[in-house]
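# coords please:
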Amino acid sequence: MNTTIKTCLLAAFTLALTTACNTVEGVGKDVEAVGEKVSETADANKPE
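Alright, predicted model coming up:
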């Protein structure tokens, strides 16, 4: 019984870590995309 609980906790912890890493990676990509769009807009509206 004790081993089963430890195994379940380890599996839950591993799943949480994996999900968190994917979420952070996704947010990073979103922030990067927004930064690129802001740069493109700034370049397009730059006074000459």
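
# what about the host helix or strand of residue 7, average pLDDT?
For residue 7, the host element (DSSP states H and E) is helix 2-44. The average pLDDT within helix 2-44 is 87.

# Summarise which helices and strands it is packed against.
The helices and strands touching helix 2-44, judged by 3 or more Cβ pairs under 8 Å, 6 or more residues apart in numbering; DSSP states H and E, number zero. From N, CA and C alone the C-beta is placed, and that goes for glycine too.

# give me the number of residues near residue 30?
Counted with other Cβ atoms under 10 Å, the neighbours of residue 30 add up to 10.

# mind listing what residue 17 touches?
With contact set as Cβ atoms under 8 Å, 6 or more residues apart in numbering, residue 17 has no partners.

# Off-centre distance for the helix holding residue 7?
Between the mean C-alpha location of helix 2-44 and the chain-wide mean there is a distance of 2 Å, by Cα atoms, centre = their mean, to the nearest Å.

# could we number from 22 for the rest of this?
Noted, 22 is the first residue going forward, which turns the last one into helix 23-65.

# separation between residue 33 and residue 63?
Using Cβ to Cβ, to the nearest Å, residue 33 is found at 45 Å from residue 63.

# same deal with residue 35?
Here the criterion is Cβ to Cβ. By it, residue 35 lies 43 Å from residue 63.

# In this structure, which residue is most central in space?
Geometric centre of the chain, nearest residue: residue 45, 2.0 Å, by Cα atoms, centre = their mean.

# need the contact list for that residue.
Not one residue lies near residue 45 by Cβ under 8 Å, 6+ apart.

# Please report the distance of it from residue 51.
11 Å.

# Residue 27 too?
Relative to residue 51, and taking Cβ to Cβ, residue 27 is found at 36 Å.

# ditto for residue 43
Noted for residue 43: a distance of 13 Å to residue 51, by Cβ to Cβ.

# For residue 68, grab phi and psi.
Backbone geometry at residue 68, expressed as degrees, to the nearest 10, gives phi -70, psi 140.
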